[in-house]
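**Q** Sharing a sequence plus its predicted fold:
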Amino acid sequence: MKELTCIVCPRGCRLTIDDELNVTGNFCPRGAQYAKDELTNPKRMITSFVRVKNRKDTVCSVKTSCSVPKGKIFDVMNEIAKVGVDAPTHIGDVVIKDVLGTGADIIITKNID
Amino acid sequence: MRKRDLVIIGGGSAGMAAAIEAKKNGIDDILILEKDSVLGGILNQCIHNGFGLTEFKEELTGPEYLSRFAEQVKELGIEYKLDSLVLSITRDKLVTYSNAVDGVVTLEAKAIIFATGCYERSPGAIQLSGDRVSGIITAGTAQKYLNIHGYLAGKRIVILGSGDIGLIMARRMTLEGAKVLCVSELMPYSNGLNRNIAQCLNDYNIPLYLSRSVLRVEGKGRVEKVVLAAVDDKMKFIPGTEMEFECDTLLLSVGLIPYVSLLDNIDVKMSSTRGAMVNDQLETEVPGIFACGNCLHVHDVVDFVTDEGRDAGRSAARYILGEVKKTIKIKVNPGNGIGYVIPQYIETDLNHDITFKFRVRKPIKDVFVNFESNGEVFHKVIKPVLIPSEMVMIKVSKDKLANIKGEEISLYLEERK
């Protein structure tokens, strides 16, 4: 038996999961899936920023298009730090395709004119 | 003097939602005044995800969430002025603002919506003791430095206060290469969301110390050391419990306060939330001046801010079109266990459902929330868990409201036996 706090939404359900991966305490199915993933292959979304090369003191926010293995968070951060973009930027534009083979793209989350 | 139907002060989540809804309800002459150089308010710097679950059934980052509303504002042709600071308003609804293009301008508005958001409690406000050195900043300021401009405010960080901004910044600064030594919380419980303690602190092994606060800050020119100590149940420091942390920065995440100085200047009645008192139309005691979002009461989730902005936009539209009639005045009192409740008054009638929003004073389990009028409970809701950091919303139907007698109602908690 393991106790977890669900991070899927702001509700933050207290979950328990046993060795056979039976989940209780979840308000929605996504909580059950989260608990199972957390025990087998924990993943996280990453949000950060990239430099905007043609604007002074400006960065543009980015995120992973899906969650990535928890153990790779800092490696992904290093990849994000290597790139820059030019304004204007558009939400959804891909900055890095399939970062470190995780299947996640790094995508722009802010429109800068 | 130029006349306007509706002037909205603040172009963040509340202001944009209010403008869009007023437009949809038949008001064309709308002006949003925004002091920043972009629409969206604080969401511009909230680059983490978790926004929009109620509104869009998906998880967006702050900039993504705001862009959906900014685009609607533009598509609907709603006029907005950026870099425009409102200097004063009057009870007759004259609004004076200034910007670099128009100079100082006074407008006469039929209705005004306040959507000015909130500000962070400062080091002075919590009587922080110790050396007056650089490196003591609010979590939101550090967030702006990092997420808008790309600078880390420090390398070794202690965070005071476990509000959500502090927790989010603990993770953000860790990811960007800083060492976050701990988060210290004065209260015996955290004021942040459980999920943020899990994903921002536990994921990165950042300790959370409850019932502890900053005893003093030490340093010459810059923060060099922060000393924490435990507090007893009267919030007095307990000698011998000191913990020292060598660090260069102290972040404060110690509360948000509605930004209402313009309303204060015209003596609008304020409530214990430090926002204005409002009726069931979100109208302040000055007819035609409305308030919504974090300048009314600080919200936990932006989706609820948007919703409240829409309510204010709809109310302002009805006011301008002359559709609102005030037929009653019933005071809504927060009773046992309730910190505050919105609205504070019911003034139109009892022929519409009303959603009451409130916070509890301390964490409590297994209670009834009772709505009482004239000694009789006319509505009762069971709640398994209530905590101060979660705003509660209870919709009461007009059928139940019809049972109200007299000029006051109260909301209170009753423990289930």
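**A** Good, I have the coordinates. Numbering: from 1, shown residues only, chains lettered A, B, ... in the order given.
**Q** Kindly tell me how buried the closest residue to chain B within chain A is, as a neighbour count.
**A** Chain B sits closest to A:G12 of chain A, with a gap of 3.3 Å, by Cβ to the nearest Cβ. Bear in mind the C-beta positions are built from the backbone N, C-alpha and C, glycine included. Counted with other Cβ atoms under 10 Å in any protein chain shown, residues neighbouring A:G12 total 21.
**Q** Which helix or strand contains it?
**A** For A:G12, there is no host helix or strand (DSSP states H and E).
**Q** Not counting sequence-adjacent ones, nearest residue to it?
**A** Nearest non-adjacent residue to A:G12, counting by Cβ to Cβ, 6 or more residues apart in numbering or on different chains: B:N194, 3.3 Å away.
**Q** State the number of residues packed around residue 26.
**A** You didn't pick a chain, so chain A it is. Using other Cβ under 10 Å, A:N26 has 21 neighbouring residues.
**Q** my bad, chain B
**A** 12.
**Q** Contacts only, for the residue of chain A closest to chain B.
**A** A:5-6, B:193-195, B:198 (Cβ atoms under 8 Å, 6 or more residues apart in numbering or on different chains).
**Q** I'd like those residues laid out as JSON lines, including distance to B:E246, neighbour count and pLDDT.
**A** Converted to JSON lines, those look like this (distance: Cβ to Cβ, whole Å; neighbours: other Cβ atoms under 10 Å in any protein chain shown; pLDDT from 0 to 100):
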{"residue": "A:T5", "distance to B:E246": "31", "neighbour count": "19", "pLDDT": "87"}
{"residue": "A:C6", "distance to B:E246": "36", "neighbour count": "25", "pLDDT": "88"}
{"residue": "B:L193", "distance to B:E246": "30", "neighbour count": "26", "pLDDT": "82"}
{"residue": "B:N194", "distance to B:E246": "30", "neighbour count": "19", "pLDDT": "82"}
{"residue": "B:R195", "distance to B:E246": "31", "neighbour count": "20", "pLDDT": "85"}
{"residue": "B:A198", "distance to B:E246": "28", "neighbour count": "17", "pLDDT": "90"}
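**Q** What about these, which are in helices?
**A** Members of these lying in helices (criterion: DSSP state H): B:194-195.
**Q** Can you pick out the most distant pair from the contacts of A:G12?
**A** Distances among the contacts of A:G12 were taken as Cβ to Cβ; the most separated pair is A:C6 and B:L193, at 10.8 Å.
**Q** Touching, B:D248 and B:G221? I think so.
**A** No - counting by Cβ atoms under 8 Å, B:D248 stays clear of B:G221, with 10.8 Å between them.
**Q** In chain B, what residue comes closest to chain A?
**A** Closest to chain A within chain B is B:N194: 3.3 Å, counting by Cβ to the nearest Cβ.
**Q** What does the pLDDT read for B:V254?
**A** Looking at B:V254, its pLDDT reads 92.
**Q** Next, count neighbours for it.
**A** 26.
**Q** end-to-end on stretch B:39-47?
**A** Distance between the two ends of stretch B:39-47: 15 Å, counting by Cα to Cα, to the nearest Å.
**Q** Can you tell me what sits against it?
**A** With Cβ under 8 Å, 6+ apart, stretch B:39-47 has contacts from A:47-49, A:61, A:63, A:109-110, B:10-13, B:15-16, B:32, B:34, B:36, B:38, B:51, B:61-63, B:65-67, B:69-70, B:73, B:80, B:82, B:117, B:140, B:143-144, B:147-148, B:168, B:302.
**Q** mean confidence for it?
**A** Averaging pLDDT along stretch B:39-47 yields 97.
**Q** Please state the offset of that stretch from the chain centre?
**A** 14 Å (Cα atoms, centre = their mean, to the nearest Å).
**Q** same check, this time on stretch B:160-168
**A** Centre-to-centre, stretch B:160-168 and its host chain are 15 Å apart (Cα atoms, centre = their mean).
**Q** Ok, stretch B:38-46 next?
**A** On Cα atoms, centre = their mean, the centre of stretch B:38-46 falls 14 Å from that of its chain.
**Q** Repeat that for stretch B:60-69.
**A** Centroid displacement of stretch B:60-69 relative to its chain, using Cα atoms, centre = their mean, is 18 Å.
**Q** in that stretch, what's buried?
**A** Neighbour counts over stretch B:60-69 (16 or more other Cβ atoms under 10 Å in any protein chain shown) mark B:60-67, B:69 as buried.
**Q** Same check on stretch B:331-340?
**A** B:332, B:334, B:337-338, B:340.
**Q** Then stretch B:409-417?
**A** B:409-413.
**Q** Name the residues that touch it?
**A** Contacts for stretch B:409-417 (Cβ under 8 Å, 6+ apart): B:330-338, B:341, B:346, B:356, B:358, B:360, B:364, B:366-373, B:378, B:382, B:386.
**Q** Can you give me every residue that contacts A:S67?
**A** Taking Cβ under 8 Å, 6+ apart as the test, what A:S67 contacts is A:43-45, A:104.
**Q** near chain B, from these?
**A** For chain B, the contacts drawn from the contacts of A:S67 by Cβ under 8 Å from any Cβ of the partner chain are A:44-45.
**Q** now, which of the contacts of A:S67 lie within strands?
**A** Cross-referencing the contacts of A:S67 against strands under DSSP state E gives A:43-44.
**Q** from the contacts of A:S67, which is closest to B:A230?
**A** If you rank these by distance to B:A230 using Cβ to Cβ, A:R44 comes first, at 32.4 Å.
**Q** Am I right that the closest one is in contact with B:D203?
**A** Yes - with contact defined as Cβ under 8 Å, A:R44 counts as touching B:D203 (7.1 Å).
**Q** shared neighbours of those two, which are they?
**A** Common neighbours of A:R44 and B:D203, using Cβ under 8 Å, 6+ apart, are A:K70.
**Q** ok, back up a step: which of the buried residues of stretch B:60-69 are close to chain A?
**A** Within the buried residues of stretch B:60-69, those near chain A by Cβ under 8 Å from any Cβ are B:61, B:63-64, B:67.
**Q** Comparing B:D248 and B:G221, which residue is more hemmed in?
**A** B:D248 (21 against 9).
**Q** so who does the residue nearest to the spatial centre of chain B touch?
**A** With distances taken as Cα atoms, centre = their mean, chain B has B:V298 as the residue nearest its mean C-alpha position (2.1 Å). Residues near B:V298 by Cβ under 8 Å, 6+ apart: B:118, B:256-258, B:273.
**Q** how about it, secondary structure?
**A** Recorded secondary structure, B:V298: coil (DSSP: H, G, I helix; E, B strand; the rest coil).
**Q** Can you list phi and psi of it for me?
**A** Main-chain torsions, B:V298, degrees, to the nearest 10: phi -70, psi 130.
**Q** Compute the distance between it and B:E120, please.
**A** Distance, B:V298 to B:E120, using Cβ to Cβ, to the nearest Å: 11 Å.
**Q** Now the common contact residues for the two.
**A** Common contacts of B:V298 and B:E120 (Cβ under 8 Å, 6+ apart): B:256-257.
**Q** Any chance of the backbone angles for the residue nearest to B:D28 when sequence neighbours are not counted?
**A** The shortest distance from B:D28 to any non-neighbouring residue, by Cβ to Cβ, 6+ apart, is to B:D5 (7.4 Å). With angles defined as degrees, to the nearest 10, B:D5 sits at phi -70, psi -50.
**Q** what about B:D5, how many residues close to it?
**A** There are 18 residues near B:D5, going by other Cβ under 10 Å.
**Q** same check, this time on B:S213
**A** 20.
**Q** hang on, it in a strand?
**A** Yes - under three-state DSSP, B:S213 sits within a strand.
**Q** Now do the same contact list for it.
**A** B:S213 makes contact with B:160, B:184-186, B:228-229, B:231, B:237 under the criterion Cβ under 8 Å, 6+ apart.
**Q** And A:L39, by the same measure?
**A** A:L39 is in contact with A:2, A:17, A:21, counting by Cβ under 8 Å, 6+ apart.
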